[in-house]
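Chemist: Requesting a structural model of the entry that follows:
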Amino acid sequence: MSTTKHGAQRERRTRNRGRAVGIPLVLTAVAAVACLAVALVPGSGTDTGRPAGAAVAGTPAGDPTGSGSAEPATGAPTDSAQPSASASAAASASPSASASARPSASASASATSKSAAAPATGRIRPGVSYQGVATAYEAADGNGACLFGPSGDMMIAAMNTTDYETSRACGAYVLVKAANGASITVRIVNECPLPCAPGQLDLSQQAFAKLADLKVGRLSITWTLLSPASAPDTLSVRYKTGSSQYWCAIQVIGHRNPVAALEMRTASGWRRLSRTSYNYFLAADGNGCGASIRITDIYGEQLTVDGLAVKPEVAQPTRVQFARH
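Modeler: Coordinates of the predicted model:
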């Protein structure tokens, strides 16, 4: 009995040791399986290959919401654990929205340059008929606000302030028609201040007399811009009194079509001058004075004049003239 009892005790101790050994083994196996399962879950790991704050493909760095990013390419994976090489390929394959929507600097600069070179037509436009009234004034020798000097042909007129447009109308030829059927071509050499209304022409008495008796006073008219054959064969250029290499003002005389712009060549390229109300183009700092001049009419034709010295109050002839339209 004693032997049997001790043997049973040893057997129980042996079974207990087996259980004690077996439980840790089972727990170890379960833990290994759990770890393996966790490792296999997509996106569960951290991407230690990308530095903190680096951009994910399609999302700018520093934009955690990605609201400004482009849509990912169709079928492209968006998993953050995607290798960086694949992310770079996806980014290069689909340009960002900002790159496709915003023009390049060179394209913008090219567009700005083209727009600046195109002349503005102003209020007086070719092919447009204007209505107004004609009045008359004593034009004396024909000089006026445009500062062309005395006029050999007194078929001249003063343009109302609105359509004068800071001397843009100076030198323009207009065909004036009265309701009675009479017509006359005049050249704009002066400005008619308020109360001259838009469309109104203040004709020299000599010109008005071609349309009606001076006693009429006011005459209903229509008028249109001309590009006449009767214009001088060539135009001239004149520097204003006081002009030098340090300050100059330039005027165009005898041009067939209204002048829209005047530029001077400088070391950095063509420089467009501002126009004054007294019909001169001004270079207040002298930059370009005495250099080549480029003149543009309202039709966009450009004429370049070289080799003119700064000679104040001298009308220097050129070899060029604007074409008829």
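Chemist: okay, now the domains of this protein?
Modeler: 129-226, 236-317 (automatic domain parsing).
Chemist: contacting residues for Asp233?
Modeler: Shown in contact with Asp233 (Cβ atoms under 8 Å, 6 or more residues apart in numbering): Gln321. (Each C-beta comes from the backbone N, C-alpha and C, glycine too.)
Chemist: need the helices for the stretch 201-325 of the chain, in chain order.
Modeler: Counting by DSSP state H, counting those that start in this stretch, one finds helices in the stretch 201-325 of the chain at the ranges 205-208.
Chemist: follow-up on the earlier one: would you list the domains of the chain in a markdown table and tack on mean neighbour count and mean pLDDT?
Modeler: As requested, the domains of the chain are exported to a markdown table (neighbours: other Cβ atoms under 10 Å; pLDDT from 0 to 100):
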| stretch | mean neighbour count | mean pLDDT |
| --- | --- | --- |
| domain 129-226 | 18 | 97 |
| domain 236-317 | 17 | 97 |
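Chemist: now these as JSON lines including distance to Gly122?
Modeler: Shown next, in JSON lines, are the domains of the chain (distance: least, Cβ to Cβ, whole Å):
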{"stretch": "domain 129-226", "distance to Gly122": "5"}
{"stretch": "domain 236-317", "distance to Gly122": "7"}
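Chemist: Nearest to Ala323 among the ones you listed would be which one?
Modeler: Nearest to Ala323 among the domains of the chain is domain 236-317; the distance by Cβ to Cβ comes to 6.1 Å.
Chemist: end to end, how far does that closest one reach?
Modeler: For domain 236-317, the separation between the terminal residues is 4 Å (Cα to Cα, to the nearest Å).
Chemist: pull the CA atoms of stretch 146-164 into CSV?
Modeler: This file holds the C-alpha atoms of stretch 146-164, laid out as CSV (Å, rounded to 0.1, in the frame of the first residue of the first chain):
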residue,chain,number,x,y,z
CYS,A,146,-1.7,120.2,-80.8
LEU,A,147,1.1,122.6,-81.4
PHE,A,148,1.7,121.7,-85.0
GLY,A,149,2.3,125.4,-85.8
PRO,A,150,0.6,127.5,-88.5
SER,A,151,-1.5,125.6,-91.0
GLY,A,152,-1.1,126.2,-94.8
ASP,A,153,-4.5,124.7,-95.3
MET,A,154,-7.2,126.1,-93.2
MET,A,155,-9.4,123.0,-93.5
ILE,A,156,-8.9,122.3,-89.8
ALA,A,157,-11.0,121.7,-86.7
ALA,A,158,-10.9,121.5,-82.9
MET,A,159,-12.0,118.3,-81.4
ASN,A,160,-14.2,118.3,-78.2
THR,A,161,-12.3,117.5,-75.0
THR,A,162,-13.9,114.0,-74.6
ASP,A,163,-12.9,112.8,-78.1
TYR,A,164,-9.6,114.8,-78.0
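Chemist: closest one to Arg324 among the domains of the chain?
Modeler: domain 236-317 (6.8 Å).
Chemist: measure Glu301 to His325 for me?
Modeler: To His325, Glu301 is 9 Å away according to Cβ to Cβ, to the nearest Å.
Chemist: shared neighbours of those two, which are they?
Modeler: With Cβ under 8 Å, 6+ apart, Glu301 and His325 have common neighbours Asn257.
Chemist: Just list whatever residues bridge to His275.
Modeler: Quick fix: residue 275 reads Arg, not His. Beta-bridge partners for Arg275, by DSSP bridges, are Phe281.
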